[in-house]
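Q: A predicted structure for the sequence below; I have some questions about it.
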Amino acid sequence: MIGLVDAAAVVVFVATAPLLVWAERRVKASMQMRRGPGVLQPYRDLRRLWSKSPVMPAQATFAYRWMAAVSFGLVAAALLTLPLAGPTRGSGGAVALLVLALVLALHRFVLAAQAYATGTPFGGLGSSRELFLGGLGEPALVLAVAAIFLKTGQAAVPATTLPAVDPSTWLALIAILLLWIAESARIPFDNPATHLELTMVHEALILESSGPMLALYEWGAAVKQSIFASLVILLAVPLPTATVPRVAALLLGTIVLSALLAFLESGIAKVRLFRASHILIMAGLVGFLGGVVTYLEGGSV
Amino acid sequence: MSKVTPAVLCASLVSILSVFAGLALFSRPVAFSWTSSWPGPLGPLHLLGDALSAVMLLLVGLVGTAAAYDAARHGQAPRVAVLLPFFLAGLALVPLAGDTFTLITAWELMSVSPGLMIVLDEDAARRRAGLLYLAYSQVSAILLLAGTLLAGPGQTPWQGGALAGGAGVGATLVLFAALVKAGVMPFHAWLPAAHPVAPAHVSALMSGTMVAMPAYLVLRFLAPVGLPGPLAITVILLGGLSAALGSLHALHTRDLKRVLAMTTVAHMGTLFVLLGIGLLLAGRGDTTLTPAVTAAASAYVLAHGLAKGALFLVGGEVHHMTGTTDLDRLGGLVRKAPALGTAAALGGIALAALPPFAGFPAELATLAAVFASLSRVGATTGAILLGVLVLLGVAAGAGLAAIAKAILGVFHGPLRSTDVHPVGPGAAVASGALLVASFAVGVLPGALWHFLTGASMGLLALPTAVGVAAPFGVLAAASALIVLSAAALASRGAVRRADPWNCGNPPPTARQTYSAQGLVMPYRVLFAEILRPGSDLRIQDAPVAQFAPRKGTFVDPAPEFLEPWVHRPLLGFVAPRIEALRRLHRGPVQAYLLVALLVLVAILLLMPVFP
């Protein structure tokens, strides 16, 4: 069951998720010889949006009204599937990563539904692309979890990190990293800095949202980034077991990883939609290889 | 409710009895067994009942009650009305049958009644679909009859045991009977043809409960001893293929009820992957995973049946409102029927195996069992299983997209139908009730599994082998967080409606927005090699050459992937031979008698071989 420590960890990670957005923007700005925003800028953005009065499109169906709250609640609760506050903490038991996958799939359905419910072409476009890219990411996640299962005997983040010398560890991590980039709608899948209809995925989903609802969507997207970044760190980097140092180290790790990703991202261009799908198919194959290689390593439990 | 006829009363009686029988079986400490005091054709009749039967009875009863309500709501043609109670009785008897005669009788009752309902239709296309269904289901019944006679369980009555010759011809025949009846590819041609053409409540029963019975056969007769490796791997591969291709075809299909039928093919695929893994391991003598597989499979059929039943009933209401189930002509119906739209959205979530419905624990248990098998096999089999997991991943992703396109396309976006027949608040009652049941199982899977373990036979055990704990924590936290953020959102004051921003364009018309098929266009482009989408544009009125058309039709045929390679050649091979047999049947009586004589001689000659 969920203890107070888990609940507190979720609150901390939800509260600090906008820092990942800050790290990304800051690194990208300095790569482009700009000064970049201050550390509080994402919070100021959220406060500004929150202070506006809520507006919704005239022909949106009722599915639209509360979906911002539903999607935010789902991603925030999904944090619980990770052992954030201690190696044996978190909820979901031995199938925690599968729970994570299914909760994120519901989140995807909710996002697609609210976008389609606005009744605008851009909403349909975002809905369509989200279902497409998200669906193609599913094999990658399942196979990466299968590789983790073969190495540790459970479909959850193990108490210790995966052995770094094994190729299968790296293959599983690469699959999850690619998936993270896709799920957080970053280059080369989507460019978060533009609203060009040819390219946008995440922005098209929330194009008609404004004010408090947009604030919840943006915050939720940041939390989703935090989930995937934490997953990578938990699997790859040995962390302290005591609660406070562990959470601090994990937070620092996610911010550094986010900055690193932004650095790499600055050097590549966005690809068109049907190339992006190929990257996801490749992620699935990498995950598959990760599983097969586990057998060859003889390390299966 | 002016259409409560004696037939509807009989149907609801059978259904309610099934629910009570199911619940009663759950609470029994030992298996139920009954033997008739009078002699049947092959000795006295036997009935048996255990936890596995209970799950099936519960499913049949719940969907049956909803179907009977739907029948009373809309009325039904006399042919359907008369046959419905027989159909339900067959469905309820299959999981209770305790000997070969009872099983085959119940199986035929279950198979033939819906076939007759479709075949007696006035519409020629529907009649053809019904004949196709009857042909396949009779093949399945013959295989089952031959299989159970060849390798029937040793004891009479059956002790829920395995077929006597586990790996022999009999077991293989029963396996193929199950594959054909479940519509696993490549034996699926009948399923998307026949399931949608029946009246909605019959579709719900066919797609929700009848497809559960093949899984019951496998669990009852094959699971305890398993199958030899190559055969079990074949089942796993066919299952994986069905899952992925079924979901992709569901994306491509344009008719609401046909989309639902294609997702049934996909779900049966996933189910048979799970069953195949159980058979593979049991065949190798490793039965440690059998309880987990059995529990996961029964949870899966229950979850699938409740969700599929609910959505087929929704599909019926949609047809009732608009007179069509063509996705491209539907849209925005939630404005006319909010309750039905809500039921549809929740049904979609339930069918996609997402929380908080019954599919969620079932999917967790299924994937956990597949994972657990990975560490019990060698590298070669492991690689095959990992490949099948890729297919299951594709099936999950594409399946969600297919369900989303159907539900969102029909109920959300702008209203596309001009003439909508109003439906009362009763439209969502039947589907809503099924979803409430699904929700109860979804949030309390522990209770279901407790029932399963508490029941007799020990065939089903808590899947501790794979460590599935009900992920209550995450669901509870999600609900709390959703309520909190909704309250925060509400505190920002009433929402104001304004024209959509739409990137500065004027408010869009219905024609400018994405239709259901438009939603899944990227998938159809990416998988064009497999789906081979056609596009047939016919311009009917173009005064200035073809450049300024005034009117035209666009048809987008969705050919089945395997149909030209499996179903067609099979039909081409069988049809002339059937015709030859028919000539014999209609021919001179001497020839007829000669055949009877030859068969009799053959039986007499074979008697020493099979005592």
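A: Right, received. Where do you want to start?

Q: next helix or strand past the longest strand seen in chain B?
A: Longest strand in chain B by number of residues, with DSSP state E as the criterion: strand B:32-40. Remark: after strand B:32-40, the chain's next helix or strand is strand B:43-49, criterion DSSP states H and E.

Q: how many residues are close by the closest residue to B:P500 other than its chain neighbours?
A: Once flanking residues are discounted, B:P500 sits nearest to A:P57: 3.8 Å by CB to CB, 6 or more residues apart in numbering or on different chains. C-beta: built from backbone N, CA, C; applies to glycine. Residues near A:P57, counting by other CB atoms under 10 Å in any protein chain shown, number 24.

Q: might one say that A:P57 is in contact with A:A115?
A: No: assessed by CB atoms under 8 Å, A:P57 is found out of contact with A:A115, at 10.8 Å.

Q: which residues are in contact with each of those two?
A: Shared contacts of A:P57 and A:A115 (CB atoms under 8 Å, 6 or more residues apart in numbering or on different chains): A:E208.

Q: B:L120 and B:A200, how far apart?
A: The gap separating B:L120 from B:A200 is 17 Å, by CB to CB, to the nearest Å.

Q: same thing with B:P425?
A: 18 Å.

Q: ok, the two, which is more surrounded?
A: Neighbour tally, B:P425 and B:A200, criterion other CB under 10 Å: the higher count belongs to B:A200, 26 against 10.

Q: on that earlier part again, name the residues that touch the longest strand of chain B?
A: By CB under 8 Å, 6+ apart, the residues outside strand B:32-40 that reach it are B:25, B:44-50, B:98-99, B:101-102, B:157, B:456.

Q: now the angle from that strand to strand B:43-49?
A: Counting by axes from the mean of the first three to the mean of the last three CA atoms, to 10 degrees, strand B:32-40 lies at 160 degrees to strand B:43-49.

Q: CA atoms of strand B:32-40 as PDB?
A: Taking C-alpha atoms only, strand B:32-40 is exported to PDB below (Å, rounded to 0.1, in the frame of the first residue of the first chain):
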ATOM      1  CA  PHE B  32     -20.800 -30.000  -8.400                       C
ATOM      2  CA  SER B  33     -21.800 -33.200 -10.200                       C
ATOM      3  CA  TRP B  34     -25.100 -34.600 -11.300                       C
ATOM      4  CA  THR B  35     -26.000 -37.800 -13.000                       C
ATOM      5  CA  SER B  36     -29.400 -38.500 -14.600                       C
ATOM      6  CA  SER B  37     -31.300 -41.500 -13.200                       C
ATOM      7  CA  TRP B  38     -32.700 -42.100 -16.700                       C
ATOM      8  CA  PRO B  39     -30.600 -43.500 -19.500                       C
ATOM      9  CA  GLY B  40     -29.400 -41.100 -22.300                       C
END
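
Q: run a quick neighbour tally on residue 254.
A: Reading this off chain A. 26.

Q: right idea, wrong chain: chain B
A: 18.

Q: tell me the contacts of it?
A: Contacts of B:R254 (CB under 8 Å, 6+ apart): B:326-328, B:517, B:556, B:558.

Q: which of these lies closest to A:I233?
A: Nearest to A:I233 among those, counting by CB to CB, is B:Q517 at 41.5 Å.

Q: hang on, the closest one in a strand?
A: No: per DSSP: H, G, I helix; E, B strand; the rest coil, B:Q517 lies outside any strand segment and is helix.

Q: what's downstream of the lowest-mean-pLDDT helix or strand in chain B, the next helix or strand?
A: The weakest-scoring helix or strand in chain B, judged by mean pLDDT, DSSP states H and E, is helix B:445-454 (a mean of 54). Using DSSP H and E, the next helix or strand after helix B:445-454 towards the C-terminus is helix B:472-490.
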